[in-house]
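Undergrad: Got a sequence here, can you build the structure:
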Amino acid sequence: MNTYNLKKMCAVSVASIMCVSALAFSGCGDKKAEVSQTPDETTPATTAVSTADEPTAQNYLESIGIDTATLGINPNIIHDSNPVGFQLDMPKNGDTIAVVHTSYGNITMRLFPEQAPKTVTNFVNLAKAGKYNNSLFSKVTKDFMINGGYCGTSSYGEAFEDEFCDRLFNIRGAVAMSNTGADKNESTFFINQKTAEAYKNEGVWKKLTSQWDTIKTQLANYKDSNLLSAFIEKNSTKCYDTDSVPDSVKKLYEENGGNAYLDGAYNAVDRGYTVFAQVIDGMDVVDKIASAEVDKDDIPVKNIVIKSIKITQYKEESTTQADSTSAKSVTQPTTVG
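TA: Model (predicted):
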């Protein structure tokens with residue numbers, strides 16, 4: 001799952017309450033069978049600095065006597081020196097951003113090339129080549145996510161590996177890659193939309209903790225069984241190790257909402273979704289798309305189109321608005337060119 005071409009012998013697919021559901025598209029702009037997958041809502045940097053002293057989710061398997069190498073679980077988490085929550089910071093002058101022009105309005109994203117280098121490069125290359133033009137948001141689920149952008153394989157000509165960073169999370173507004181299994185990213189992406197209110201009302205953290213307690217017991221029971229691999233394949237996203245998640249990350253989700261169990265850095269079996277961007281403007285558009293009328297499969301009844309994606313640089317503009325006693329500075333994203 002890593003940028004050093006580590007290959008997994010076991011590509012995990014989910015077929016349970018938290019399973020990954022197949023989505024629809026064989027090409028941009030039509031509602032046919034899509035090869036990418038996103039999580040099912042019915043289920044509850046190259047320059048990075050090592051933080052190896054922190055607990056690692058995958059360590060749990062070895063602690064109960066499971067040989068992860070035999071299962072093909074070879075995690076290479078990108079450890080980053082930024083503080084938890086940095087992904088919510090605004091970009092700096094000159095940072096690369098993406099402006100997604102949709103039929104519902106514009107969505108502006110901050111990209112994270114140091115924390116997800118190969119994923120960002122893929123997204124930028126596809127956008128600049130016009131591959132995303134006239135593609136669709138293929139599946140939208142209110143208080144979960146909006147998924148779209150399928151336009152064939154990646155800019156590398158084949159599926160590429162996951163990049164899980166321990167400082168990028170699937171909080172509300174985070175942009176992540178859809179996939180068809182471990183290390184199988186292509187072009188489709190999704191934007192996490194679950195609000196903090198929905199997160200709180202659903203008691204998400206309590207559910208995830210209870211679920212992990214159950215999974216730990218089951219993993220211990222299966223550890224010497226030839227059914228272990230099948231169990232992991234069926235329950236991969238359920239293996240979100242809440243014991244290894246720092247309090248600062250829990251607080252981040254409580255304050256912002258999102259879908260914590262999708263974070264690969266805290267998954268005991270090396271499974272999740274690569275976060276590579278964060279919405280900095282246009283969450284109202286994301287919410288509007290998420291509220292669109294859909295059929296029984298969460299496919300929009302009327303097409304929601306990604307007209308184009310413009311890759312540009314962030315520029316701060318200070319506008320002085322003076323009144324009789326003070327003036328304030330207004331900072332806003334602008335496009336160049």
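Undergrad: Where does residue 284 fall, secondary structure wise?
TA: helix 283-290 (DSSP states H and E).
Undergrad: Can you name the element that comes right after that helix?
TA: Following helix 283-290 in sequence, per DSSP H and E, is strand 305-313.
Undergrad: Mind listing the strands that following strand pairs with, and their directions?
TA: strand 96-102 (antiparallel), strand 135-141 (antiparallel) (DSSP bridges).
Undergrad: Contacts for whichever helix or strand comes after the last one next, please.
TA: In the C-terminal direction, the helix or strand that comes right after strand 135-141 (DSSP H and E) is strand 145-148. Where contact means C-beta atoms under 8 Å, 6 or more residues apart in numbering, the residues beyond strand 145-148 that reach it are 23, 36, 38-39, 41, 135-140, 178, 188-194, 259, 286, 289-290, 304, 306. From N, CA and C alone the C-beta is placed, and that goes for glycine too.
Undergrad: CA-only coordinates of strand 145-148 in PDB, if you can.
TA: Extracted in PDB, the C-alpha atoms of strand 145-148 (Å, rounded to 0.1, in the frame of the first residue of the first chain):
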ATOM      1  CA  MET A 145     -20.600  11.200   1.500                       C
ATOM      2  CA  ILE A 146     -20.900  12.200  -2.200                       C
ATOM      3  CA  ASN A 147     -19.000  10.000  -4.600                       C
ATOM      4  CA  GLY A 148     -18.000  10.600  -8.200                       C
END
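Undergrad: Just checking: what are the partner strands of that strand?
TA: When DSSP bridges is applied, strand 145-148 pairs with strand 135-141 (antiparallel), strand 185-192 (antiparallel).
Undergrad: what is the orientation angle of the first one with helix 283-290?
TA: Between the axes of strand 135-141 and helix 283-290, defined by axes from the mean of the first three to the mean of the last three C-alpha atoms, to 10 degrees, the angle is 80 degrees.
Undergrad: again, but for the last one
TA: Orientation of strand 185-192 against helix 283-290 (the same axes, to 10 degrees) gives an angle of 100 degrees.
Undergrad: Rounded mean pLDDT for strand 185-192, please.
TA: What strand 185-192 shows for mean pLDDT is 98.
Undergrad: Figure out how far it is from the centre of its chain.
TA: 7 Å (C-alpha atoms, centre = their mean, to the nearest Å).
Undergrad: ok, and what's touching the helix or strand that it is followed by?
TA: Remark: after strand 185-192, the chain's next helix or strand is helix 196-201, criterion DSSP H and E. The contact list for helix 196-201, computed with C-beta under 8 Å, 6+ apart, reads 143, 172, 253, 254, 255, 256, 257, 258.
Undergrad: cool, and stretch 281-296?
TA: Applying C-beta under 8 Å, 6+ apart, the set of residues contacting stretch 281-296 is 100, 102, 104-108, 137, 139-146, 172-173, 191, 193, 279, 300-302, 304, 333.
Undergrad: in stretch 133-141, what's buried?
TA: For stretch 133-141, the neighbour count (16 or more other C-beta atoms under 10 Å) marks 133, 135, 136, 137, 138, 139, 140, 141 as buried.
Undergrad: which SS class is the first one?
TA: Each residue gets one of three states, and residue 133 gets coil by DSSP: H, G, I helix; E, B strand; the rest coil.
Undergrad: Find the residue closest to it in space, skipping its chain neighbours.
TA: Leaving out its chain neighbours, the residue that sits closest to residue 133 by C-beta to C-beta, 6 or more residues apart in numbering is residue 308, at 4.9 Å.
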